[in-house]
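Student: attaching a predicted model along with its sequence, questions to come.
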Amino acid sequence: MSTASLDIRVLAGSSGLRRDLLWAHSCEMEDPTIYLGPHELLMTIGLCVPKDPSEQAAFVARLDEAGLSGLMIGDHDPAPPLSPEMFSEADRRDFPILLAGVNTAYAVVARHVAAANWSTESLQVLKLSKLYHVATYAEKDLTSLLREVVPSLRAGLSIVDTVTGITLASVAHTEDASTEVRRRRYQLRGNHPAELVVAEYPGEEVGSFLLVHLTKMLEVATDAVLAAADRRGELAERLLAGLLNGSATEETREFLAPHVPSNGFRLAALPRGRVAAVGRAVALAAMPVLLGTGREHGLALVPVEELAGFRELVEQLGVQVGVSSVFYDYVDTRTAAVEAGKVLTAAEHTDAPWTEFEGSTLSVLTRSQRESAEIVTGVLGPLASDSPRIALLRETLFCYLRNDRKWNETAAELGIHRQTLSYRLKRISEETGRDLNRTPDLAALWVAFQAWENMHGTGTS
């Protein structure tokens, strides 16, 4: 298209004038990317252009990332002053900004664009027909579909899930790493947003006509994959909720198969804000992992044999995790969730991405309220009663154990002097008959502490 004959001159981004141009649209809405697609020229009298220089630069970036070919602004009063920041961003992105003369008719510009594309349209239609043909007979998974489509386009294709950043499928057109590659990104605007990355090679650029149809085709296929993952994730969340409430069904056993409790499970706690991303990633990988949301944290029940794969996945996502000890019965799920939550809470002030419980395993802890009561009564003795004096001693003991028998931390948490703590610890030994300096007695008191929390617990993490 000749810009001179239409009284159009280039203000910035001249290196991008060779971009494909499919169509030209006039739009004055605040966000034109909703109405324009890849390889289209935005024509405006300036009403949609922000006034602030930094916002103008961001506006250019948004248009470029949406795949538009360029921006044409009319030389009219409604247009705000165009800033150096805007031009700099356009030059950096090779995104053309054009200035149309006062008498330039936008309809004429649109007709010129249409005429320029007409000469190659027949070839594009033939290529499009082949594209749909191979897509129709491709297998239903994304990788198989891309593998069939890529030879027709002579370009590499990748699809990335927006929620997790995980590449759902990727097929290269050439294995030659030395070949110069230009990567362009386009949003797949289906029910489950994703991104299409097109790797183009010199002389083999994907035409805008084909690209519009390609994105629509892949939106449908990507939606199917992500919808299936979400359904699996919803099932996993429901089954985990059942275990936390003491219900293990045949559906639970089928989901976790071939893993069984006798092989061991661990409970992982993670920040609630990362549950959606981790849940989607676990479902996409078809891991036999139950993942959902607890009262304070996200929770994942992971078979021991799957732990390494789960750890690799969450570390790729940059998610901090606290992990319980191993347990061998579904009824221990709730106790393991509490334990994992405490591990995560303790690790939150550190940079450790993965922290595992260190201490007694759940196999020696309680598995029912009745067993909890028996352990509490048998180990704590008089310290299990409800009198205010006894309750004060019991809380001192539990605080002392929580703080790994560190006197300063315990006294500070209780708000008492070290001498007062010393007196209380002596009274605890007298009441329970257990020596706080002996490992066997400490182990028994720790298990009793866990049993007490199981009876009077704070709920699942």
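Tutor: That came through fine. Numbers count the residues shown, from 1 in each chain.

Student: every contact and neighbour count from this point should use C-alpha atoms.
Tutor: Noted.

Student: quick one: Leu401 and Ala443, what's the gap?
Tutor: Leu401 sits 10 Å away from Ala443, going by Cα to Cα, to the nearest Å.

Student: under the pLDDT cut-off, which ranges of the stretch 151-300 of the chain? List them.
Tutor: 175-179 (pLDDT under 70).

Student: show me where it has its strands.
Tutor: For the stretch 151-300 of the chain, strands defined by DSSP state E, counting those that start in this stretch occupy the ranges 156-161, 167-171, 182-188, 194-200, 265-270, 290-293, 298-303.

Student: let me know the angle separating the second one from strand 156-161.
Tutor: Using axes from the mean of the first three to the mean of the last three Cα atoms, to 10 degrees, the direction of strand 167-171 lies 170 degrees away from that of strand 156-161.

Student: what's the angle between strand 167-171 and strand 194-200?
Tutor: 20 degrees.

Student: elements contacting strand 167-171?
Tutor: If contacts are counted by 3 or more Cα pairs under 8 Å, 6 or more residues apart in numbering; DSSP states H and E, strand 167-171 sits against helix 142-153, strand 156-161.

Student: hmm, 6 Å instead?
Tutor: Using 3 or more Cα pairs under 6 Å, 6 or more residues apart in numbering; DSSP states H and E, the elements in contact with strand 167-171 are strand 156-161.

Student: then the third one?
Tutor: Other helices and strands packing on strand 182-188, by 3+ Cα pairs under 6 Å, 6+ apart, are strand 194-200.

Student: for the strand it packs on, which strands pair with it and how are they oriented?
Tutor: Within its sheet, strand 194-200 is paired with strand 156-161 (antiparallel), strand 182-188 (antiparallel), according to DSSP bridges.

Student: the shortest one vs helix 142-153, what angle?
Tutor: For the pair strand 156-161 and helix 142-153, the angle between their directions (the same axes, to 10 degrees) equals 150 degrees.

Student: what residues sit buried inside strand 156-161?
Tutor: For strand 156-161, burial by neighbour count (16 or more other Cα atoms under 10 Å) applies to 156-161.

Student: and stretch 325-332, how far out from the chain's middle?
Tutor: 28 Å (Cα atoms, centre = their mean, to the nearest Å).

Student: got it, and stretch 69-82?
Tutor: 38 Å.

Student: okay, now it: how far is its last residue from its first?
Tutor: End-to-end for stretch 69-82, by Cα to Cα: 19 Å.

Student: avg pLDDT for it?
Tutor: Across stretch 69-82, pLDDT averages out at 92.

Student: tell me if Ala443 really is in a helix.
Tutor: Yes - Ala443 sits within a helix when classified using DSSP: H, G, I helix; E, B strand; the rest coil.

Student: check the secondary structure at Gly37 for me.
Tutor: Classification of Gly37 using three-state DSSP returns coil.

Student: gap between it and Val212?
Tutor: According to Cα to Cα, Gly37 and Val212 sit 8 Å apart.

Student: looking at those two, which is more packed in?
Tutor: It is Gly37, of Gly37 and Val212, that has more neighbours when counted by other Cα atoms under 10 Å, with 22 against 15.

Student: now the more buried one. Its backbone dihedrals?
Tutor: Main-chain torsions, Gly37, degrees, to the nearest 10: phi -120, psi -170.

Student: please name the nearest non-neighbouring residue to Val319.
Tutor: Excluding its sequence neighbours, the residue lying closest to Val319 (Cα to Cα, 6 or more residues apart in numbering) is Pro353, at 6.6 Å.

Student: pretty sure Leu267 is touching Leu301, no?
Tutor: Yes - between Leu267 and Leu301 there is a contact under Cα atoms under 6 Å: 4.7 Å.

Student: quick one: which of these two has more around it?
Tutor: Set Leu267 next to Leu301 and count neighbours by other Cα under 10 Å: Leu267 wins out with 30 against 26.

Student: contacting residues for Pro21?
Tutor: Residue 21: Leu, not Pro. Contact analysis of Leu21 by Cα atoms under 6 Å, 6 or more residues apart in numbering lists 39-40.

Student: check the gap between it and Pro38 for me.
Tutor: 9 Å.

Student: for Asn103, give me phi and psi.
Tutor: Taking degrees, to the nearest 10 as the convention, Asn103 sits at phi -100, psi 10.

Student: how about the spatially closest residue to Phe95 that is not a sequence neighbour, phi and psi?
Tutor: Using Cα to Cα, 6+ apart and skipping residues adjacent in sequence, the residue nearest Phe95 is Gly13, 4.6 Å away. Phi and psi for Gly13, reported as degrees, to the nearest 10, are phi 70, psi 30.

Student: tell me what the lengthiest helix in the chain is packed against?
Tutor: Using DSSP state H, we find that the single longest helix of the chain is helix 208-244. In terms of contacts (3+ Cα pairs under 6 Å, 6+ apart), helix 208-244 is packed against helix 275-284, strand 290-293.

Student: so what's the residue count around Leu291?
Tutor: 30.

Student: circling back: any chance of the buried residues of strand 156-161 in TSV, with distance to Glu358 too?
Tutor: Converted to TSV, the buried residues of strand 156-161 look like this (distance: Cα to Cα, whole Å):
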residue	distance to Glu358
Gly156	47
Leu157	46
Ser158	42
Ile159	41
Val160	38
Asp161	36
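
Student: count of neighbours near Phe95?
Tutor: 25.

Student: how would you label it: helix, strand or coil?
Tutor: Classification of Phe95 using three-state DSSP returns coil.

Student: put the alpha carbons of stretch 379-388 into PDB.
Tutor: Output of stretch 379-388 as PDB, limited to C-alpha atoms (Å, rounded to 0.1, in the frame of the first residue of the first chain):
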ATOM      1  CA  VAL A 379       0.900 -39.600  79.100                       C
ATOM      2  CA  LEU A 380      -0.200 -36.300  80.500                       C
ATOM      3  CA  GLY A 381      -2.000 -37.800  83.600                       C
ATOM      4  CA  PRO A 382      -3.200 -34.900  85.800                       C
ATOM      5  CA  LEU A 383      -2.200 -32.400  83.100                       C
ATOM      6  CA  ALA A 384      -5.200 -33.500  81.100                       C
ATOM      7  CA  SER A 385      -7.700 -32.000  83.600                       C
ATOM      8  CA  ASP A 386      -9.500 -28.600  83.000                       C
ATOM      9  CA  SER A 387      -8.600 -26.600  86.100                       C
ATOM     10  CA  PRO A 388      -7.000 -23.100  85.300                       C
END
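
Student: offset the numbering so it begins at 598, please.
Tutor: Sure, I'll start numbering at 598, so the last one becomes stretch 976-985.

Student: what lies in contact with that stretch?
Tutor: With Cα under 6 Å, 6+ apart, stretch 976-985 has contacts from 987, 991, 1029.

Student: swap in 10 Å and give it another go.
Tutor: Applying Cα atoms under 10 Å, 6 or more residues apart in numbering, the contact partners of stretch 976-985 are 970, 972-975, 986-992, 994, 1025-1031, 1038, 1041-1046, 1049.

Student: pull out the buried positions in that stretch.
Tutor: By neighbour count with 16+ other Cα under 10 Å, stretch 976-985 contains the buried residues 976-977, 979-981.
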